[in-house]
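**Q** Just a sequence and a predicted model for now, questions to come.
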Amino acid sequence: MSKIRVLPDHISNLIAAGEVVERPASVAKELVENAIDAGATRIVIDVESGGRRLVKITDDGEGMVRDDAVLAFERHATSKISMASDLNAIATLGFRGEALASIASVARVELITQRADASAGTRVLIEGGRMRDVKDAAHPRGTTIRSHRELSPHESGYSLRVGASGNQLHPH
């Protein structure tokens, strides 16, 4: 019986996410690098629960057209390289096309983006690694990305105790 198998996409995406998204600071780093690569001069970072619940990055970079906003969540989708020789002349912080796909595989991600020359922006919602919604949205020039995770009681610093008087959350 054969022991080697090709993993399903959802499992390989989780493995890739572990390489790119080690902790909340990794999510913030990847998103800030994307903002810098997009020419942002202003980047606002918001976090909840130390970034374990929410990392939100808002920038005034060039923004994306709808097709790029949707494609950005595919693994190995990048605007930075197109041929092998490009790897020798990378002048950007990000280039692999892994960050957004990896983040979206472990979190609910909402991206809202608009280019300065566009009449409307785009909102993309990803849940469970799957595209759930794409629609027009108003947004100033640039991009906002929200990476949101529901924390288990263990992750939030609380434990759930089940007792005769009902369920209660207690601090660790």
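**A** Perfect, thanks for sending it.

**Q** so where's this structure shaky on pLDDT?
**A** For the chain, the stretches flagged by pLDDT under 70 are 1-22, 76-97, 150-172.

**Q** Sketch out the strands for it, chain order is fine.
**A** 43-48, 54-59, 108-114, 121-127, 130-137, 142-148, 158-163, 166-171 (DSSP state E).

**Q** I'd like those strands as TSV, with distance to Ala69 and mean neighbour count appended.
**A** Any C-beta I mention is one placed from the backbone N, CA and C, and that applies to glycine too. Below are the strands of the chain laid out as TSV (distance: least, Cβ to Cβ, whole Å; neighbours: other Cβ atoms under 10 Å):
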stretch	distance to Ala69	mean neighbour count
strand 43-48	18	15
strand 54-59	14	22
strand 108-114	5	23
strand 121-127	5	21
strand 130-137	8	13
strand 142-148	8	22
strand 158-163	36	11
strand 166-171	38	9
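
**Q** I'd like the ones you listed as JSON lines, with distance to Lys29 appended.
**A** Formatted as JSON lines, the strands of the chain follow (distance: least, Cβ to Cβ, whole Å):
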{"stretch": "strand 43-48", "distance to Lys29": "10"}
{"stretch": "strand 54-59", "distance to Lys29": "10"}
{"stretch": "strand 108-114", "distance to Lys29": "16"}
{"stretch": "strand 121-127", "distance to Lys29": "19"}
{"stretch": "strand 130-137", "distance to Lys29": "24"}
{"stretch": "strand 142-148", "distance to Lys29": "12"}
{"stretch": "strand 158-163", "distance to Lys29": "27"}
{"stretch": "strand 166-171", "distance to Lys29": "29"}
